[in-house]
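K.L.:
Output the structure for:
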Amino acid sequence: MGANVYDVINQRILELLQKGTVPWRKPWRAAGGGQPMNLISMKPYKGINVWLTACQEYGSPYWLTFKQCQDKGGHIIKGSKSTPVIFFQWLGKKDAEPTSGDTSTKGKIPLLRYYSVFNIEQTSLTPPETEEIHSDFEPITIAENIITNMPMRPEIKYGGDRAYYSPSLDYIQLPHQHTFDTIEHFQNTRFHELAHATGHANRLGRKSILEPSYFGSHEYSGQADLTGQ
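P.N.:
I've put the predicted structure just below:
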């Protein structure tokens, strides 16, 4: 299918890292609820496919291929970028004895492919109705007190499926508390973004916030040191 599957996935992970996204660190559920899954089969993704889809900026958990979208009478919104997902299975082979250097299991060979999928929000289709899961947590009093008493605290907005600090507008965006796996994950994410916010010109004026920086750079690591990552 053209490019090597491993190269495709490695490239996608590198792109996410350069954007500051770490796909295996997302401790909240999508606004639409549920694990990412294929819209047609309704089978949840597994393994790396969970990371590749869940780290995208979409509230719906439903994904499908270009052809699946067409078959349902829809179309992909112009300019939408696809996301690769992996398909793997063992196939039987006639020769039961593996050849020299063959790392497959006896009598079988591995089949590894990738497919390009789109979130349903990238299409003209209407997402199925989903029941949003709410998690109720006891607040961590000391954490709430620290945030309440933070001098010149930026505005904190709630909603959506992203967690970030906007240096230009000086506000923090977080998913709702009830979508997090635990209250500790919620507070950790809040403090992470608040640590970024301390670099604003009206606070510490850190170069990493005042000037653009990419994930993994020396400037970005200055932010990471303050957040424990």
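
K.L.:
wait, Pro110 sits on Gly92?
P.N.:
No: at 11.6 Å, Pro110 and Gly92 do not qualify as touching, with contact defined as C-beta atoms under 8 Å. C-beta here means a position set from N, CA and C on the backbone, and glycine is covered the same way.

K.L.:
Can you report how many residues lie near the nearest residue to Tyr165 once chain neighbours are set aside?
P.N.:
Closest residue to Tyr165 apart from its sequence neighbours, by C-beta to C-beta, 6 or more residues apart in numbering: His196 at 4.1 Å. His196 has 22 neighbours, counted by other C-beta atoms under 10 Å.

K.L.:
and His196, what element?
P.N.:
Under the criterion of DSSP states H and E, His196 resides in helix 183-197.

K.L.:
helices or strands next to that helix in the packing?
P.N.:
helix 141-148, strand 164-166, strand 171-174, helix 218-227 (3 or more C-beta pairs under 8 Å, 6 or more residues apart in numbering; DSSP states H and E).

K.L.:
rewinding a little: so if I had to pick from Pro110 and Gly92, which one is more boxed in?
P.N.:
Using other C-beta under 10 Å, the more surrounded residue of Pro110 and Gly92 is Pro110, with 11 against 8.

K.L.:
Can you give me the buried ones in stretch 145-152?
P.N.:
Within stretch 145-152, no residue is scored as buried using 16 or more other C-beta atoms under 10 Å.

K.L.:
Any idea how far apart the tips of it sit?
P.N.:
14 Å (C-alpha to C-alpha, to the nearest Å).

K.L.:
cool, and stretch 60-73?
P.N.:
Termini of stretch 60-73 sit 19 Å apart (C-alpha to C-alpha).

K.L.:
ok, now stretch 158-166?
P.N.:
14 Å.

K.L.:
Which of the residues in the helix holding His196 are classified as buried?
P.N.:
183, 185-190, 192-197.

K.L.:
Kindly export it (C-alpha atoms) in CSV.
P.N.:
Provided in CSV are the C-alpha atoms of helix 183-197 (Å, rounded to 0.1, in the frame of the first residue of the first chain):
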residue,chain,number,x,y,z
ILE,A,183,-10.1,13.7,40.2
GLU,A,184,-6.3,13.5,40.4
HIS,A,185,-6.1,13.5,36.6
PHE,A,186,-8.4,16.5,36.5
GLN,A,187,-6.3,18.5,39.0
ASN,A,188,-3.0,17.4,37.3
THR,A,189,-4.2,18.7,34.0
ARG,A,190,-5.3,22.0,35.5
PHE,A,191,-2.0,22.5,37.2
HIS,A,192,-0.1,21.6,34.0
GLU,A,193,-1.9,24.3,32.1
LEU,A,194,-1.6,26.8,34.9
ALA,A,195,2.1,26.2,35.0
HIS,A,196,2.3,27.2,31.3
ALA,A,197,0.2,30.3,32.1
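
K.L.:
could you give the angle of it to helix 141-148?
P.N.:
Using axes from the mean of the first three to the mean of the last three C-alpha atoms, to 10 degrees, the direction of helix 183-197 lies 20 degrees away from that of helix 141-148.
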